[in-house]
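Q: Model the following, please.
(one chain, ligands or ions: 2)
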Amino acid sequence: MMLLLLSLSACQVKETKLQPVNIIPQPNELTQQAGEFIINAETVVCLLSETDAADVLLDNLRLASGYPLKVVNEEIAKNAIVFKIEAGGFNNDEAYSLSVTKEKVLVKAKSAKGIFIATQTLRQLLPVNLEEAKLSEVKWSVPCVEIKDAPRFAWRGMHMDVSRHFFSVDYIKRFLDYMALYKMNTFHWHLTDDQGWRIEIKKYPELTQNGAFRTFNNHDKVCIERSKDNPAMAIPEKYMSEKDGEKVYGGYYTQEEIKEVIAYAAKRNITIVPEIDMPGHFKAAIDNYPEVSCFGKAGWGQTFSAPLCAGNEATYQLVEDILTEVAELFPSEYIHIGADEVEKTNWKKCPKCQKRIKKEKLHDEHELQSYFVHRIEKFLNGKGKRMIGWDEILEGGMSPTATMMFWRGWVPDAPVKAAKQGNDVIMSPTSHCYFDYGQNSGTLENVYGFEPVPEGLSAEEQKRIIGGQGNIWTEYIPSEAQVDFMSMPRMIALAEVLWTPADQKDWQDFFQRIGNHFNRLDVMKVNYRFPDIGGVYDQHVFVDKAKVEFTSQVKDAEIRYTTDGTRPTNESNLYSGPIEISENITLKARPFSKLGNGGDVIEATFTKTTYAKGIELPADAKPGLACDYYEGKRWKGVADIGVVDTKKKSVVTKAFELPEVAVKKGTSYALTYNGYFYADKDDVYTFSLLCDDAGVLKIADLIVVDNDGMHAPLKKIGQVALAKGWHPIELKYVEGGGGGTLKLTSADADGQFKPIVSELLKH
Ligand code: ACM
Ligand code: ZN
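A: Ligands and ions are numbered 1, 2, ... in the order given. Model (predicted):
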């Protein structure tokens, strides 16, 4: 970390210890000094360049402080906040420097973009009361810092699907504000899909008049069922109406509303990239214009919806008319045309599609998809736009100028191929960036561990990876509160991944900093996923007594717990200090914020035991672990290893790390590690196993961490009581495809989890 605390000279020692600043994403260079700049009624804003990039912050600050913050166009030496655009010293439009002394705040950047970005750093340095949009009696101070900062990637995106469920203009603006706070700069608006057409197209009014409304579907039914014990899963009444005597769900954005959202985003350094998904995922339109499908009707194929007919000229007319209006509406350089998940069974049977294949000398339906995508790309280029598609555009040949958005974690070489071909790539793999996937105690760390640049690219090729993005598909996200819950705080972790240099990323440090952001999010009334309670593991053992000390990352959180197996409510026992445990029990605990926002229940078992005896190490024991690698497909958990696999290879690893053969394979495989672990004293040892998919750790023939089953990255922590000496250790792991994770660590004396060092392992 570049947090350089200047040493305090003797005369300064009396000053209180510096309060750490908690900026996310972590700036490239940050030096903190003693003291603060205090904003008061006389503070003046010096705008040395013509820009409105600081307006959003200044307007909020005026509202919250009640101070006029008069603007002048000359530099004032004292009690001033100075903004200056200057070309020298910055190599990126979004780069900035921020210097805060007791006398003044000085913001410099190469462009208005950098000025805006700097204001969001200032926002994080100001009291959280800033977010309240009302007068607040606090000390408006900013700690003294020197910051130089610039982004790692140009594309720092969030996607939102507004088709499966619809969200209001007001909410989209709210979400854009969350993005701005964390320096995200691209909003990918998934405006159309099978379940609803959400953008007004003047030439084809039925697209929204009919296509924006539907009766309840199976996704809705699941949401309604889940809403019985989770209000955020309820479908908001405000999106329900009556049509032809039936209750329907839906909504759409007029072009005027879209202009308003684009302007709101632009003021916050966010570009809006629209997606009109085609030739599949087009059912909401085909329902109303069936002549553009292969057989004159909308419907479902074996896996996906029936696509547009790629042989029919009427299809191109409709799509080009739509894209003409979209291109005029959105100033974005890019337009996204989806092109994912196209069901090709109709194309195989359709005379028009087959005629097109012959006429254009195409080999198959994949090349027909390519023909469609290339033709649309040419059309967009003619409108001065660049085209983006999901990674399926690689199949059947990709044009040299298209940009690929990678999503299929189980096709890991797609972005490598595209970058080697010279295509720009945006990384949003299922393994880290699908924020509609469920969350658990390991999810945030997994997002933070995302490395957008795949292995196997030269330095030049790596430049083709222009950034990354989090995706929010909303089949099972019916409300704005649930979008909040699924995206926050994952978006915050992704923001640091995409901004901060890779070698400055530090999970423990991030974990500390984000703890100070939840109070700001509380004031903003964000329904974020409450961080799990700390200080307690899934499986505890003790020899004499155990003591539990709960921790929460959220200041002022209440923790409620039960010991009778029931789910804690906000009326259960209130935790007020360490709990001593001397018999076998199951403890359940749940945090609640000041606003009553409840987190997930954590469950911990406590088992009384004795120290397992050590064993004699075989005379020929060698360093490292014996590791068996298996290939297969049909595993459901670690019990299937050795039963349903096709290939086996035995290697030795230094510690619990993936062997070369597994790294290369990258999709579906299993591993078993066997050896001996050295316990240096009689003690209770704690192990953490983060894995995707299944993992089970055994020591001294006891299950220490049971993280079995096929699942997204999930962390479980367990304990074992060991006598001094060597003990058999075994780890079984299954990676079912879609991006694997395996991280085994053990707690040191301070409770910090570190990889198990190779000196403690033999086989
Ligand atoms: C996608 O998730 N179908 C791009
Ligand atoms: Zn056809």
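
Q: how about V536, what does it touch?
A: V548, F550, L587, A589, I602, A604 (C-beta atoms under 8 Å, 6 or more residues apart in numbering). Every residue, glycine included, has its C-beta placed from N, CA and C.

Q: farthest pair in these?
A: Using C-beta to C-beta, the two most remote members of the contacts of V536 are V548 and I602, lying 11.1 Å apart.

Q: Could you pick out the residues of this structure near ligand 2 for me?
A: Taking C-beta under 5 Å from the ion as the measure of proximity, the chain contacts ligand 2 at C294, C309, G311, C350, K352, C353.

Q: now, among the contacts of V536, which is nearest to ligand 1?
A: I602 (30.9 Å; C-beta to the nearest ligand atom).

Q: and the closest one, how many neighbours does it have?
A: Look at I602: counted by other C-beta atoms under 10 Å, it has 21 neighbours.

Q: What's opposite it in the beta bridge?
A: Listed by DSSP bridges, the beta-bridge partners for I602 are A589.

Q: Now do it, the pLDDT please.
A: pLDDT, I602: 90.

Q: you'd agree it is up against R567?
A: No. Assessed by C-beta atoms under 8 Å, I602 is found out of contact with R567, at 11.3 Å.

Q: Low-confidence ranges, the stretch 651-763 of the chain, go.
A: 665-666, 738-739 (pLDDT under 70).

Q: residue boundaries of the strands in it?
A: Under the criterion DSSP state E, counting those that start in this stretch, the stretch 651-763 of the chain contains strands at 668-679, 683-692, 695-699, 702-707, 714-722, 725-736, 741-747, 753-755, 761-762.

Q: With mean neighbour count as added columns, please give those in a markdown table.
A: A markdown table is the format used below for the strands of the stretch 651-763 of the chain (neighbours: other C-beta atoms under 10 Å):
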| stretch | mean neighbour count |
| --- | --- |
| strand 668-679 | 22 |
| strand 683-692 | 22 |
| strand 695-699 | 24 |
| strand 702-707 | 21 |
| strand 714-722 | 23 |
| strand 725-736 | 23 |
| strand 741-747 | 20 |
| strand 753-755 | 13 |
| strand 761-762 | 20 |
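
Q: mind giving me a markdown table with these and columns for distance to S399?
A: Shown next, in a markdown table, are the strands of the stretch 651-763 of the chain (distance: least, C-beta to C-beta, whole Å):
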| stretch | distance to S399 |
| --- | --- |
| strand 668-679 | 31 |
| strand 683-692 | 34 |
| strand 695-699 | 42 |
| strand 702-707 | 44 |
| strand 714-722 | 40 |
| strand 725-736 | 34 |
| strand 741-747 | 34 |
| strand 753-755 | 44 |
| strand 761-762 | 51 |
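
Q: Between those strands, which one is closest to V644.
A: Nearest to V644, of all the strands of the stretch 651-763 of the chain, is strand 668-679, at 9.4 Å by C-beta to C-beta.

Q: before we move on, back to that, export the contacts of V536 to a markdown table and append columns for distance to A747.
A: Below are those laid out as a markdown table (distance: C-beta to C-beta, whole Å):
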| residue | distance to A747 |
| --- | --- |
| V548 | 15 |
| F550 | 17 |
| L587 | 19 |
| A589 | 19 |
| I602 | 17 |
| A604 | 15 |
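
Q: For the residues you listed, pick the one with the most neighbours.
A: Most surrounded of those: other C-beta under 10 Å gives A589, at 26 neighbours.

Q: Which residues lie in contact with that one in this structure?
A: Here A589 is in contact with I533, V536, F550, I559, R560, Y561, T562, P568, Y575, V601, I602, A604 (C-beta under 8 Å, 6+ apart).

Q: Report whether the expected contact of the fifth one with K588 is present.
A: No. When contacts are counted by C-beta under 8 Å, R560 is not listed as touching K588 (9.2 Å).

Q: Can you work out which residues contact both of those two?
A: Common contacts of R560 and K588 (C-beta under 8 Å, 6+ apart): P568.
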